[in-house]
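Asks: show me the folded form of this:
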Amino acid sequence: MYRLNVVIYHTRPAQQISLHQACNAQGIFNVRIADNLIIATTLLARRRAPDLLIIDHAMPSADGKALLQHLSLTCPSTALLLIGQPRPAHLDIAQQARQKGLWVVNELAWPLSMPALQRTLQRVGGSRHKPAVSDFQTVMMRAHAH
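Replies: Predicted coordinates for the structure are as follows:
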């Protein structure tokens, strides 16, 4: 069975853990965590590029620009999943990614919807991805997402 290769780039440990657990709940276990741009670009430059990069929609604009530039040069076929909301008056990472020709597979808000995550993973993995369980609704309460 094909296993999705996922990188989560988020600076908040609580969100890292929630996203990692959400992937695990969907049967995705090859998950790597990056909490800064250097680690994220290192993980993207590996021999096997990730199938999915999960990032914070509200990341600082400079990091977002650098990450998208690196992604477009090293692994343009990697799908992007943006979590949360973009900051007002800051870079809209999803829009910038689309302008660079990158595949923004989805944009999800907190609290993270497990059915929406499942559909996103199925889009990335196609018929190769078989979800573990489909009855979960959320991973965390909205109050804990900030």
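
Asks: enumerate every residue touching R119.
Replies: The neighbourhood of R119, defined by C-beta atoms under 8 Å, 6 or more residues apart in numbering, consists of N106. For glycine as for every other residue, the C-beta is placed from the backbone atoms N, C-alpha and C.

Asks: could you verify that it is part of a helix?
Replies: Yes: under the criterion used here (DSSP: H, G, I helix; E, B strand; the rest coil), R119 sits inside a helix.

Asks: from E107, how far out is it?
Replies: Distance, R119 to E107, by C-beta to C-beta, to the nearest Å: 13 Å.

Asks: what helix or strand does G64 sit in?
Replies: If you go by DSSP states H and E, G64 is part of helix 61-74.

Asks: hmm, I typed the wrong one, I wanted I54.
Replies: Short version, using DSSP H and E: I54 is in strand 52-56.

Asks: contacting residues around that strand?
Replies: 4-12, 15, 19, 40, 44, 64, 67, 71, 78-84, 93, 105, 121, 124.

Asks: before we move on, the earlier item: tell me which strands and helices the helix holding G64 is in contact with?
Replies: Helix 61-74 sits against helix 37-44, strand 52-56, helix 93-99, with contacts defined as 3 or more C-beta pairs under 8 Å, 6 or more residues apart in numbering; DSSP states H and E.

Asks: how about residues contacting the helix or strand following it?
Replies: Counting by DSSP H and E, the next helix or strand C-terminal to helix 61-74 is strand 79-83. Defining contact as C-beta under 8 Å, 6+ apart, one finds that strand 79-83 is touched by 10, 15, 19, 51-57, 71, 93-94, 97, 102-110, 112, 120, 123-124.
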